[in-house]
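Visitor: predicted coordinates and the sequence they were generated for:
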Amino acid sequence: MFVHATAEIEDSAVIGEGTKVWHFCQIRRGARLGRDCVLGRGVFVDFEVVIGNGVKIQNYVGTTIGKWAMIGAGSVVTRDVPDHGLVVGNPAHLIGYVTASGRRVATQEEARNG
């Protein structure tokens with residue numbers, strides 16, 4: 001694991017083996033990053049986000065990963081992910097939403113209401 005000196009990692013965030021967190025990234029409490037991920041400069045990962053193994057999050061003008069979002073293994077994220085968003089692929093695209101407990105639902109409103 002590599003975390004640049006300017007990155008901020010909050011308590012209870014878990015960073016997987018081999019993951020690289022670059023300049024000015026912020027990772028909020030409860031976030032879980034898989035192994036062998038790369039977070040580019042200025043990426044913001046909000047509360048309780050789950051990021052699968054081998055994910056690359058590009059540094060296009062400070063990409064934001066919203067609260068409780070989930071990113072599938074091997075995805076390449078090139079744009080913001082909304083709160084509760086479920087994204088997969090290269091480039092990553094939205095395929096649905098998840099509740100705070102990780103249950104897949106059809107709409108962002110359903111996800112917010114749990």
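Guide: Okay, I see it.
Visitor: which one in this structure is furthest away from the centre?
Guide: residue 113 (20.8 Å; Cα atoms, centre = their mean).
Visitor: how far does the longest strand along the chain sit from the chain's center?
Guide: Longest strand of the chain, by residue count under DSSP state E: strand 92-98. Computed by Cα atoms, centre = their mean, to the nearest Å, the chain-centroid distance of strand 92-98 equals 12 Å.
Visitor: helices or strands up against the helix or strand just after that strand?
Guide: On the C-terminal side of strand 92-98, the closest following helix or strand by DSSP states H and E is strand 104-105. Secondary-structure packing of strand 104-105 (3 or more Cβ pairs under 8 Å, 6 or more residues apart in numbering; DSSP states H and E): strand 92-98. Quick note: C-beta positions are derived from backbone N, CA and C, even for glycine.
Visitor: list the contacts of the strand it packs on.
Guide: 68-72, 75-79, 81-82, 84-88, 104-108, 110-111 (Cβ atoms under 8 Å, 6 or more residues apart in numbering).
Visitor: from those residues, which land in strands?
Guide: Counting by DSSP E, the contacts of strand 92-98 contribute 70-71, 76-77, 85-88, 104-105 to strands.
Visitor: which two among those are spaced furthest apart?
Guide: Taking Cβ to Cβ, the two most distant members of the ones in strands among the contacts of strand 92-98 are 76 and 105; they sit 24.5 Å apart.
Visitor: in this structure residue 36 contacts residue 16, no?
Guide: Yes: between residue 36 and residue 16 there is a contact under Cβ atoms under 8 Å: 7.0 Å.
Visitor: residue 9 against residue 27, yeah?
Guide: Yes: between residue 9 and residue 27 there is a contact under Cβ under 8 Å: 4.9 Å.
Visitor: who has more neighbours, the two?
Guide: Higher neighbour count among residue 9 and residue 27: residue 27, with 26 against 18, using other Cβ atoms under 10 Å.
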